[in-house]
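Novice: Sequence and predicted structure are below.
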Amino acid sequence: MDRSSKIMPGWLGLLALVVIIGLPVSASAAIIRDTEIEQTLLKMARPMAQQAGLNPDRIGVRIVNNSQYNAFVMADSIIFIHSGLLMQAENMIEVAGVMAHEIGHIASGHVQRRGEVIEDAGITSLLGVVAAVALSAAGSGDAAFGVLAGGFDRSTRIVMARSRQDEGVADEWAIRLMKSQNYSLHPMTETMRKLAAQRMLPQSRQTDYYLSHPGALERSAVFQDYINNHEKDPLPEPAWMEASFQRIKEKLEAWTFPPKTTIANTIGDESPEARFKRAVAFLRLSDVVAARDEMAELVTAFPDDPYYREFYGDTLRSSGEGLAAARQYEKTLMIFEGEAFADQPVNTGQILLSMGRAYLATGDPEHLPLAIEALEMATIEEPEWAFVKHQLGIGYGKAGRFAEADLTLAEEALLKRNTELATQLAKRVSANPDATPVQKQLAADIIAQAGS
């Protein structure tokens with residue numbers, strides 16, 4: 001495995017930690033990682049990214065657990081979407097329009113340029129917000145993990161004022177990219193109309209999206225002009241989108257609504273949707289047996305649904321059945337390798353992480369090589385996720401591969417911006433008589449990066 005190029009991702013560098021749009025991020029924000037939600041959104045984003053001349057495999061999506069309707073871009077490849085946007089959107093086409101806009105920012109190089117604007121404006125609190133989101137995205141492997149964040153100060157208005165032109169350019173991209181996929185512009189036009197109407201409201205009642213996407217009135221007119229001249233009647237939504245959108249909303253409800261309320265509202269309902277929501281609610285309440293039993297029923301009824309099977313594995317792992325959980329993750333990966341997903345590459349990093357953790361949890365030395373193999377593949381899929389490296393470091397340590405363990409944990413420390421710990425671990429590799437020349441060189445690279 002080549003780790004030399006994955007030690008410190010560029011978007012964790014201070015000047016690269018730039019939010020393009022979507023400020024402020026609330027203090028209650030958290031990142032939700034979910035294979036199905038991310039895969040569904042990437043299914044829309046990748047073709048548009050390719051149309052924009054970008055590498056579609058480099059585009060990533062993260063869900064911010066925030067009830068506000070908003071989205072933003074971080075660095076040159078990560079689109080962050082608030083759960084509130086997904087919950088409040090009328091349909092998937094509306095979400096596609098927002099993502100097309102974000103891809104427009106990436107394609108136009110606004111991310112890097114905005115870093116200079118932020119630095120010129122002296123917005124230290126903004127850099128703190130972005131750093132917090134970045135660290136959250138690289139942190140714990142749980143379903144969601146906290147982000148400390150700041151908010152607007154007066155100087156952020158400088159950035160917003162300078163971003164009006166960028167917003168217009170991104171809108172032009174959005175129209176072009178949506179048209180390339182034969183997606184209707186009507187939902188996005190209606191969204192812009194609603195945003196423009198907020199200019200009459202006091203600032204305390206204006207949404208984050210309105211505040212962080214300046215020029216809504218002028219931008220609304222551009223979208224309206226387009227549909228008047230090119231799309232008087234809405235284009236039909238692709239058939240797969242409606243069902244996928246409903247699944248996303250159900251998942252977000254399950255993970256964000258009070259679990260006791262979810263259970264009370266679904267008692268007696270044996271539909272797949274209700275069973276899944278109850279399973280999530282039970283797991284959130286630490287009733288792992290009830291969660292496992294609900295998911296066992298769903299997997300029996302829908303054996304080819306990889307997302308149900310993945311979560312079934314999660315419930316098994318939570319109930320201490322590590323080997324059984326690992327088997328479910330293996331079956332999930334097999335489904336993704338089948339014909340049904342041949343035309344849509346899936347980021348299986350989260351599943352590989354879970355499988356590695358499940359094998360580690362068995363405590364059986366015979367399963368340790370399988371755990372390490374899964375975690376090594378997971379860190380290739382998710383090179384910027386610190387928790388993956390933490391688990392891999394544990395695996396290496398249990399196997400007596402101490403130089404590799406220290407290197408991997410040093411990489412984790414860099415991702416968390418703990419340069420002191422990264423240096424300490426790297427120096428330990430340098431002093432390890434069993435470390436190979438390559439490992440010693442990687443350790444030297446880490447020390448250099450930690451000191452820069």
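Specialist: Received it, and whenever you're ready, just let me know what you need.
Novice: could you say which helix or strand contains the residue sitting nearest the centre point of the chain?
Specialist: Central residue of the chain (Cα atoms, centre = their mean): Arg62, 1.9 Å from the mean position. For Arg62, the element it lies in under DSSP states H and E is strand 60-64.
Novice: partners of that strand, with directions?
Specialist: strand 30-32 (antiparallel), strand 78-82 (parallel) (DSSP bridges).
Novice: that older thread, what's the closest non-adjacent residue to the residue nearest to the centre of the chain?
Specialist: Distances taken as Cβ to Cβ, 6 or more residues apart in numbering place Phe80 nearest to Arg62, at 5.0 Å, with adjacent residues excluded. Where C-beta positions appear, they are placed from N, C-alpha and C, glycine not excepted.
Novice: hmm, back to that, could you identify the helix or strand that succeeds the strand holding Arg62?
Specialist: Past strand 60-64, the next helix or strand by DSSP H and E is strand 71-74.
Novice: I'd like to know which elements that following strand is packed against.
Specialist: strand 78-82, helix 92-107, helix 110-121, helix 124-137 (3 or more Cβ pairs under 8 Å, 6 or more residues apart in numbering; DSSP states H and E).
Novice: Please save the CA atoms from the shortest one in CSV.
Specialist: Put plainly, it is strand 78-82. The C-alpha coordinates for strand 78-82 follow below in CSV (Å, rounded to 0.1, in the frame of the first residue of the first chain):
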residue,chain,number,x,y,z
ILE,A,78,-15.9,17.5,-1.3
ILE,A,79,-19.6,18.7,-1.4
PHE,A,80,-21.2,19.1,2.0
ILE,A,81,-25.0,18.9,2.1
HIS,A,82,-27.1,19.7,5.1
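Novice: and the angle from that strand to helix 92-107?
Specialist: 140 degrees (axes from the mean of the first three to the mean of the last three Cα atoms, to 10 degrees).
Novice: in the helix or strand following strand 78-82, what's buried?
Specialist: For strand 78-82, the following helix or strand on the C-terminal side (DSSP H and E) is helix 83-88. Residues Ser83, Gly84, Leu85, Leu86, Gln88 are the ones in helix 83-88 that count as buried (16 or more other Cβ atoms under 10 Å).
Novice: Please report how far the nearest residue to Asp171 once chain neighbours are set aside lies from Ala326.
Specialist: Once flanking residues are discounted, Asp171 sits nearest to Arg219: 5.4 Å by Cβ to Cβ, 6+ apart. According to Cβ to Cβ, to the nearest Å, Arg219 and Ala326 sit 49 Å apart.
Novice: Next one: Gln424 from Ser108, what distance?
Specialist: For Gln424, the distance to Ser108 - Cβ to Cβ - is 41 Å.
Novice: Run through the residues that contact Ile394.
Specialist: Leu360, Ala405 (Cβ atoms under 8 Å, 6 or more residues apart in numbering).
Novice: Show me the domain layout of the protein.
Specialist: 10-230, 249-451 (automatic domain parsing).
Novice: List the contacts of Met355.
Specialist: So Met355 contacts Gly313, Ala325, Ala326, Tyr329, Glu330, Leu333, Ala371, Ala374 (Cβ under 8 Å, 6+ apart).
Novice: Name the nearest of these relative to Leu42.
Specialist: Leu42 has its nearest neighbour among the contacts of Met355 in Leu333, at 17.5 Å by Cβ to Cβ.
Novice: isn't there a helix covering that closest one?
Specialist: Yes. Under DSSP: H, G, I helix; E, B strand; the rest coil, Leu333 sits within a helix.
Novice: ok, it touching Ile351?
Specialist: Yes. At 6.1 Å, Leu333 counts as touching Ile351 under the criterion of Cβ atoms under 8 Å.
Novice: out of these two, which sits in the more crowded spot?
Specialist: Between Leu333 and Ile351, counted using other Cβ atoms under 10 Å, Ile351 has the larger neighbour count: 27 against 19.
Novice: mean confidence score for the host helix or strand of the more buried one?
Specialist: Assigned by DSSP H and E, Ile351 belongs to helix 349-362. Mean pLDDT, computed over helix 349-362, is 97.
Novice: Next: stretch 396-411.
Specialist: pLDDT averaged over stretch 396-411 gives 97.
Novice: So in the protein, where's the weakest helix or strand by average pLDDT?
Specialist: Across the helices and strands of the chain, mean pLDDT, DSSP states H and E gives its lowest value to strand 144-146, namely a mean of 28.
Novice: got the contact list for stretch 251-266?
Specialist: Residues contacting stretch 251-266 (Cβ under 8 Å, 6+ apart): 32, 34, 36-37, 63, 65, 83, 86-87, 143-144, 274-278, 280-282, 284-285.
Novice: check contacts around Thr35.
Specialist: Here Thr35 is in contact with Tyr307, Glu310, Val346, Asn347, Thr348, Gln350, Ile351 (criterion: Cβ under 8 Å, 6+ apart).
Novice: would JSON lines of those with distance to Ile93 be doable?
Specialist: As requested, those are exported to JSON lines (distance: Cβ to Cβ, whole Å):
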{"residue": "Tyr307", "distance to Ile93": "22"}
{"residue": "Glu310", "distance to Ile93": "27"}
{"residue": "Val346", "distance to Ile93": "22"}
{"residue": "Asn347", "distance to Ile93": "23"}
{"residue": "Thr348", "distance to Ile93": "27"}
{"residue": "Gln350", "distance to Ile93": "27"}
{"residue": "Ile351", "distance to Ile93": "29"}
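Novice: Perfect, that will be all.
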